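Visitor: Below: sequence and its predicted model.
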Amino acid sequence: MSVPFYVSPEQLMRDRADFARKGIAKGRSAIALQYADGILFVAENRSPALHKVAEIYDRMAFAAVGRYNEFENLRIAGVRLADMRGYSYDRRDVTGRALANAYAQTLGAIFSSGGEKPLEVEILVAEIGAGPADDQIYRLTYDGSIADVRGYAVMGGAAETVAEYIGEHYSDGISLAGAVRLAVDALGHDSTEVRELTPDQLEVAVLDRTRTQMRKFKRISEESLAGILSESSPAVDAKSESGSGSDASDSSESSTGDTPVAPPADDAPVAPPEDSDDDRPL
């Protein structure tokens, strides 16, 4: 009788964590960044159909990196959970914290299970409040760990390099135009060679508390994004550099206030492609 191969629990968890981290790092980065009137999401995504950022509920949004088929299943489950809670009780009972806790339990159970591989995903759950101090951004990793972050969060790809660039230029109360420019510049500084990203390579959306509609999520079209990038400074917004440029912030807001935006995306799930490209992390 042969002796079964033994692996210590500590080594097994390390191997599973390394497996998940390597899969996530193959994807492209995504950023969530608080600005004066809400939360901005910018992700490098060359696919017009496979979204990395989506609406969850009235004041909540979801962003993810990693394997598309895995985080799309999580997104659909989150939409169903939020709809069920809002229908059974009240729409105000649907909170980002409750949804983040549900995601954490699911990710943690899968990671600690020996019967299936860990999910190669990192996700963000964001909820806007009445003011910037009430905004919530929750970051969840492959093992179910959850963190409440403030200001900005970066995941996927060269996340540390991108986060370091944002940290050097970010300031509270930044305008939407300045936040977009900062996020795009940060994604272009993810390596030693600086890249110039174009609107067709980006996926941009916001949770905008100034919208009169109950649903605060909206996508920024390529045409609107191109206008914002062309009207902004080649570097970052003056407010993000000095921390006190109120005039520059006001001009950026006024120049983009009438910019047309695309209608909110439909919550209907997008079917993953049938070819082998689905196996490549986003």
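Guide: Nice, thanks for sending it over. Predicted, not measured: the structure shown is a model, and the values here were computed from it.

Visitor: what about the spatially most central residue of the chain, which SS state?
Guide: In the chain, the residue lying closest to the centroid (C-alpha atoms, centre = their mean) is residue 63, at 3.4 Å. Local secondary structure at residue 63 is given as strand here, using DSSP: H, G, I helix; E, B strand; the rest coil.

Visitor: what bridges to it?
Guide: In this entry, residue 63 is beta-bridged to residue 53, residue 124, by DSSP bridges.

Visitor: need the contact list for it.
Guide: By C-beta atoms under 8 Å, 6 or more residues apart in numbering, the contact set of residue 63 is 30, 32, 41, 43, 52-54, 123-124, 126, 155. Placement of C-beta: from N, CA and C, glycine included.

Visitor: 6 Å instead?
Guide: For residue 63, the set of contacting residues under the criterion of C-beta atoms under 6 Å, 6 or more residues apart in numbering consists of 30, 32, 41, 53, 124.

Visitor: measure the second one to residue 19 for me?
Guide: The gap separating residue 32 from residue 19 is 25 Å, by C-beta to C-beta, to the nearest Å.

Visitor: Please apply the same query to the fourth one.
Guide: Using C-beta to C-beta, one obtains 25 Å as the distance from residue 53 to residue 19.

Visitor: And these two? Which one has more around it.
Guide: Neighbours per residue, other C-beta atoms under 10 Å: of residue 53 and residue 19, the larger number sits with residue 53, 24 against 14.

Visitor: Can you give me the pLDDT of that one?
Guide: Note on residue 53: pLDDT of 96.

Visitor: Make sure it is actually in contact with residue 41.
Guide: Yes: using C-beta atoms under 6 Å, residue 53 makes contact with residue 41 at a distance of 4.4 Å.

Visitor: In contact with residue 151, which residues are there?
Guide: With contacts taken as C-beta under 6 Å, 6+ apart, residue 151 has the following neighbours: residue 34.

Visitor: for the protein, what spans make up the helices?
Guide: Under the criterion DSSP state H, helices of the chain are mapped to 9-25, 68-88, 96-112, 159-169, 176-188, 222-231, 238-242, 246-256.

Visitor: So which of the contacts of residue 63 wins on neighbours?
Guide: With neighbours taken as other C-beta under 10 Å, the top of the contacts of residue 63 is residue 30, carrying 30 neighbours.
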